[in-house]
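Asker: Got a predicted structure plus its sequence, pasted below:
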There are 2 protein chains.
Amino acid sequence: MEKTNIEVKWKNNMSFDAIVNGHVIPLDAEASVGGQDQGPRPKPLILVALAGCTGMDVVSILNKMRVELEDFKVDVSGELTDEHPKYFNKIHITYSFKGKDLPMDKLEKAINLSQERYCGVSAMLIKVAELTHEIVLM
Amino acid sequence: MEKTNIEVKWKNNMSFDAIVNGHVIPLDAEASVGGQDQGPRPKPLILVALAGCTGMDVVSILNKMRVELEDFKVDVSGELTDEHPKYFNKIHITYSFKGKDLPMDKLEKAINLSQERYCGVSAMLIKVAELTHEIVLM
C-alpha cells in the first residue's frame, strides 16, 4: 500500500505554505474573506491536479506514438454546486494542440487512454462529477 | 451557476506551468518517468486542496471564537488504490495546534464545522475516499 504525504503550514491570516514533493506552494484566500491573495485558492487545485495528470499522460503517450507537438495546453473549467459546501459536480477539459499535420485519431487515442486507463485523478473525480472533454487545434 | 477556470501549459518534457487565480505553479514528473522534478507531481495537489480548504476554515472559525493560535499545520496522508489507475481511497488529516491553554472542545468544534458544513473539498472527496482525522497539540 502506497502513501502520499503533504503538509500545509499556517503563516498568518489566511496564508499557508504547502509542501509537496519538496516544493513549496503558497496558498491564500481572497481579500473578501480576509486573505491577501499571496497564492491561489485551495479548491481549484483539484482542477490543476486533473489537468496536470492527464496533460502528462497525453504528452507521454504522444511521444511514444512519435507525434511531435509544437505547443499544448489543458484548460479545465469546473462548475460548482449551488448548495453549500460547494464542490465541482461538472468538469470540462479542453485539450489544445499545435503542430504540423497533427493526426486527430492519435490525439483522440492518447486522451482516451489517459481518461480511461492511466489518469488516477480522472478515475477519482469521475465518481463525483460529470467529466467531459474536447480537442481544439491552435 | 459558478465556474472556476484553470490552465495548465506545457513547457517541455513532462514540465508544465499551471495558472490558478493569476498565480503560476510549476508541475513536473520525477526522473524515473522522464521528468526533472521542477515542480510537484499533480496527484498530491488533491491532498493540498483538502488541507488548504479545511485549514483556512479552521483558522477562520477559531478566530471568530477568539481562540489564539501560536502555530498551526495540517498534514494529509493519502493511501493509493492497489489497482491502476491509482487514486486516493483513504485519506487521513492531522491537525496540529500550538498555543496557550487551547480549549480542545473549540478545536474539535471548528474541525467538525469545516468537515461537515464548510469545506467543499471534503464534501467532494468523502464521496470517493474514507476520510479520517485527528488532533495533535504541538
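Answerer: Here it is on my side, so go on. Numbers count the residues shown, from 1 in each chain, chains lettered A, B, ... in the order given.

Asker: So which residues make contact with stretch A:76-94?
Answerer: A:43-44, A:46-48, A:50-51, A:54, A:74-75, A:125, A:128-136, B:1-8, B:117-124 (C-beta atoms under 8 Å, 6 or more residues apart in numbering or on different chains). In short, each C-beta sits where N, CA and C put it, glycine included.

Asker: Okay, buried residues for that stretch please.
Answerer: A:76-81, A:85-88, A:91-94 (16 or more other C-beta atoms under 10 Å in any protein chain shown).

Asker: Could you dump those into a markdown table and include pLDDT and secondary structure?
Answerer: As requested, these are exported to a markdown table (pLDDT from 0 to 100; DSSP: H, G, I helix; E, B strand; the rest coil):
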| residue | pLDDT | secondary structure |
| --- | --- | --- |
| A:Val76 | 98 | strand |
| A:Ser77 | 98 | strand |
| A:Gly78 | 98 | strand |
| A:Glu79 | 98 | strand |
| A:Leu80 | 96 | strand |
| A:Thr81 | 96 | coil |
| A:Pro85 | 95 | coil |
| A:Lys86 | 95 | coil |
| A:Tyr87 | 96 | coil |
| A:Phe88 | 97 | strand |
| A:Ile91 | 98 | strand |
| A:His92 | 98 | strand |
| A:Ile93 | 98 | strand |
| A:Thr94 | 98 | strand |
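
Asker: Tell me the one of those nearest B:Asp37?
Answerer: Using C-beta to C-beta, A:Val76 is the member of the buried residues of stretch A:76-94 that lies nearest B:Asp37, at 23.4 Å.

Asker: From the contacts of stretch A:76-94, keep the buried residues only.
Answerer: Listed as buried from the contacts of stretch A:76-94 are A:43-44, A:46-48, A:50-51, A:54, A:74-75, A:125, A:128-129, A:131, A:133, B:4, B:6-8, B:118-124; burial here means 16+ other C-beta under 10 Å.

Asker: Just send the buried residues of stretch A:76-94 back as TSV, with distance to A:Met14 too.
Answerer: Listed next are those as TSV, based on distance: C-beta to C-beta, whole Å:
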residue	distance to A:Met14
A:Val76	24
A:Ser77	25
A:Gly78	21
A:Glu79	24
A:Leu80	19
A:Thr81	23
A:Pro85	17
A:Lys86	17
A:Tyr87	20
A:Phe88	21
A:Ile91	26
A:His92	29
A:Ile93	29
A:Thr94	31
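
Asker: does the top helix by length along chain A come close to chain B?
Answerer: Longest helix of chain A, by residue count under DSSP state H: helix A:45-64. Yes: under the criterion of C-beta under 8 Å from any C-beta of the partner chain, chain B is reached by helix A:45-64 at A:45-53, A:55-56, A:59-60.

Asker: Just the CA atoms of that helix, as PDB, please.
Answerer: Presented in PDB, the C-alpha positions along helix A:45-64 are these (Å, rounded to 0.1, in the frame of the first residue of the first chain):
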ATOM      1  CA  LEU A  45      -6.000  22.800  -7.200                       C
ATOM      2  CA  ILE A  46      -8.400  19.800  -7.700                       C
ATOM      3  CA  LEU A  47      -8.700  21.000 -11.300                       C
ATOM      4  CA  VAL A  48      -5.000  21.600 -11.600                       C
ATOM      5  CA  ALA A  49      -4.300  18.000 -10.300                       C
ATOM      6  CA  LEU A  50      -6.600  16.800 -13.100                       C
ATOM      7  CA  ALA A  51      -5.100  19.000 -15.900                       C
ATOM      8  CA  GLY A  52      -1.600  18.100 -14.900                       C
ATOM      9  CA  CYS A  53      -2.200  14.400 -14.600                       C
ATOM     10  CA  THR A  54      -4.000  14.000 -17.900                       C
ATOM     11  CA  GLY A  55      -1.600  16.500 -19.600                       C
ATOM     12  CA  MET A  56       1.500  14.500 -18.600                       C
ATOM     13  CA  ASP A  57      -0.200  11.300 -19.800                       C
ATOM     14  CA  VAL A  58      -1.100  12.800 -23.200                       C
ATOM     15  CA  VAL A  59       2.500  14.200 -23.700                       C
ATOM     16  CA  SER A  60       4.000  10.900 -22.800                       C
ATOM     17  CA  ILE A  61       1.700   8.800 -24.900                       C
ATOM     18  CA  LEU A  62       2.000  11.100 -28.000                       C
ATOM     19  CA  ASN A  63       5.800  11.000 -27.500                       C
ATOM     20  CA  LYS A  64       5.700   7.200 -27.700                       C
END
